[in-house]
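*Asks:* Pasted the sequence and its predicted model underneath.
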Amino acid sequence: MRGVGATVINVLRHLSSAEKSEHEFVFYLYEANQAEALDLIDASSFGNYETRRVAEQTSSLPSVKSVHGLLFLPLRLSEAFKDRWQGTHRITDTKGLDVFLQFEQDVIPPRGVKSVVVAYDLIPYILESDYLWSYSTARHLHRYSRRGAFLVHLRRMRYIRTIRATAKRASKLLAISKQTKNDFMKYANIPSSKLDVVYLGISDDQPSKSAAKPAEVTRYIGTGWGDIKVKTTLPDSPFLLFVGGVDPRRKLTDLIAAFNMLRAQGHTIHLVLAGDTMTGPHSIPNGDIKKALLSSSYLDDIYMLGFVDDATREWLYQNALAFVYPSIYEGFGLPILEAMRYGTPVITYKNSSISEISGVGAHYALGYGDITNITKALVQDKVSLKIHAKKNIEHANNFTWEKTASNYFKLLID
């Protein structure tokens, strides 16, 4: 329900009635949960469709041989072997297709049919110290053996080679932002003529003007025995909000430091962290963030809610003093638009696609000190809050799934 899955669901759901009725569609489905998948994309609204199965197979790296202590990998791999290595074998039945729309960028499209691929980002390759390490990073920074560093670097090579092979076979790539287009041109050597920018969208459901406060929520609290779940109510005092995952590029340590500083300066503010990984300070799968949480003198005033339902998330957005998104790199930055849709002030970092997507409505910070100062200014200036709320709503309304779906379809039949 995030990332690629959300894009699939929303693009297919928001195709126009005319597009759904005038053309034939083929949906490729995995063995499991086929009925649920068809329900998620509202398949019954398509006039004429059929389903085909996708083989659920996982590709594995070729074996690495050792001769007298030297590692080597055959450089000349057959096309069939390269396809199997990179996952193309999952879809083989393309009979009768005029065009194949692929929502995954790291799987080579099937042969024998015009393919259009959605391009999201190259963050694992660009931020290599946090994701796909190079040989040098693995060997010298993380003290890997030569063999271990080589295998790590091989995964990095495999990633970018698959992206390039995908782009080579595809007729067109649909980049989700100008930043993503530039990254694919720079790092994957894709020509500009092969890349079109089509922005993603946000929910078209109109937010209620005043969402009801949940009677109680599940909160995860850290104890000497680990994290426990308790039922509680959300704070009535002002709070800063973060919704999302704990990827290394999301500098939640900066947000926690700013929160600590605000509390130390006497501001009665809480911090709310929501997302499927926010299940207690001991359970955070990020060492730096875990340490920052556990060492905070104000941990009791940090609400970790885990995954929240739509009604709770809506209330959080509407009542947060600000939505803070301290990310150093994004391919699009959808949570920022989701917050703006409710008129919520947004504090974020100005980099990658963030300023492209956020526009002039966001408050841009350079670190935890700026987050602190911007928050204090928001507390003191109620007039500014109302002005920014109106601008943010107007800006977010420019990004709709109807536009995304319509533009995708035009480029498919072009």
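*Replies:* That came through, no problem. Every value quoted in this text rests on a predicted model; they were computed, and no experiment measured them. Numbers count the residues shown, from 1 in each chain.

*Asks:* Any regions of this structure where pLDDT drops low?
*Replies:* In the predicted model, the chain carries pLDDT under 70 at residues 1-2, 55-89.

*Asks:* C-terminal to the longest helix along it, what's the next element?
*Replies:* The helix that spans the most residues within the chain, counting by DSSP state H, is helix 146-169. Remark: after helix 146-169, the chain's next helix or strand is strand 172-175, criterion DSSP states H and E.

*Asks:* Who are the packing partners of that following strand?
*Replies:* The contact analysis (3 or more C-beta pairs under 8 Å, 6 or more residues apart in numbering; DSSP states H and E) places strand 172-175 against strand 114-119, helix 178-187, strand 195-197, helix 401-413. All C-beta atoms are positioned from the backbone trio N, CA, C, and that covers glycine.

*Asks:* Just the residues contacting the longest one, thanks.
*Replies:* By C-beta atoms under 8 Å, 6 or more residues apart in numbering, the residues outside helix 401-413 that reach it are 10-16, 19, 99, 101, 116, 172, 174, 196, 198-204.

*Asks:* List buried members of the residues you listed by neighbour count.
*Replies:* Listed as buried from the contacts of helix 401-413 are 10-15, 19, 101, 116, 172, 174, 196, 198-202; burial here means 16 or more other C-beta atoms under 10 Å.

*Asks:* Just the ones in strands from the residues you listed, please.
*Replies:* 101, 116, 172, 174, 196 (DSSP state E).

*Asks:* if we take those residues, which one ends up nearest to residue 149?
*Replies:* For those, the closest approach to residue 149 (C-beta to C-beta) belongs to residue 174, at 35.4 Å.

*Asks:* show me the contacts for that closest one.
*Replies:* Per C-beta under 8 Å, 6+ apart, neighbours of residue 174: 116-119, 195-198, 408, 411.

*Asks:* Write down the beta-bridge partners of it, one by one.
*Replies:* residue 118, residue 196 (DSSP bridges).

*Asks:* Against residue 139, how distant is it?
*Replies:* Separation of residue 174 from residue 139 (C-beta to C-beta, to the nearest Å): 37 Å.

*Asks:* Then residue 163?
*Replies:* 24 Å.

*Asks:* can I assume residue 176 is in contact with residue 200?
*Replies:* Yes - using C-beta atoms under 8 Å, residue 176 is in contact with residue 200, at 5.4 Å.

*Asks:* Now list whatever residues contact both of the two.
*Replies:* Residues touching both residue 176 and residue 200 by C-beta under 8 Å, 6+ apart: residue 332.

*Asks:* Residue 162: how many residues sit nearby?
*Replies:* By other C-beta atoms under 10 Å, 21 other residues sit near residue 162.

*Asks:* let me fix that: residue 230
*Replies:* 10.

*Asks:* Show residues contacting the helix or strand where it lies.
*Replies:* Secondary structure assigned from DSSP H and E places residue 230 in strand 226-232. Contact with strand 226-232 is made by 216-221, 279-283, 303, as judged by C-beta under 8 Å, 6+ apart.

*Asks:* what's the closest of these to residue 233?
*Replies:* residue 216 (5.8 Å).

*Asks:* Can you pick out the most distant pair from the contacts of strand 226-232?
*Replies:* Maximum pairwise distance in the contacts of strand 226-232, criterion C-beta to C-beta, is 22.7 Å, between 216 and 282.

*Asks:* Please say which of these two ends up with more neighbours.
*Replies:* Shown here are residue 216 and residue 282; by other C-beta under 10 Å, residue 282 has more neighbours (15 against 11).

*Asks:* ok, the more buried one touching residue 290?
*Replies:* Yes - using C-beta under 8 Å, residue 282 is in contact with residue 290, at 7.0 Å.

*Asks:* Would you check how far apart residue 219 and residue 311 are?
*Replies:* 16 Å.

*Asks:* The two - which one has more neighbours?
*Replies:* residue 219 (20 against 13).

*Asks:* part of a strand, is that one?
*Replies:* Yes - counting by DSSP: H, G, I helix; E, B strand; the rest coil, residue 219 is found in a strand.

*Asks:* Identify the bridge partners of it.
*Replies:* Under DSSP bridges, the beta-bridge partners of residue 219 are residue 230.

*Asks:* Would you quantify the distance from it to residue 199?
*Replies:* The value you get for residue 219 to residue 199, if C-beta to C-beta is used, is 35 Å.

*Asks:* Quick check: end-to-end length of stretch 321-333?
*Replies:* 20 Å (C-alpha to C-alpha, to the nearest Å).

*Asks:* Also stretch 167-184?
*Replies:* Start-to-end, stretch 167-184 (C-alpha to C-alpha) is 9 Å.

*Asks:* What of stretch 285-299?
*Replies:* 18 Å.

*Asks:* Give me the spatial nearest neighbour of the residue positioned nearest the centre of the chain, chain neighbours excluded.
*Replies:* Closest to where the C-alpha atoms of the chain average out (C-alpha atoms, centre = their mean) is residue 3, at 4.9 Å. Closest residue to residue 3 apart from its sequence neighbours, by C-beta to C-beta, 6 or more residues apart in numbering: residue 120 at 7.5 Å.

*Asks:* just checking, that neighbour touches residue 176?
*Replies:* Yes - using C-beta under 8 Å, residue 120 makes contact with residue 176 at a distance of 5.7 Å.

*Asks:* Need the overlap of contacts for these two.
*Replies:* Common contacts of residue 120 and residue 176 (C-beta under 8 Å, 6+ apart): 331-332.
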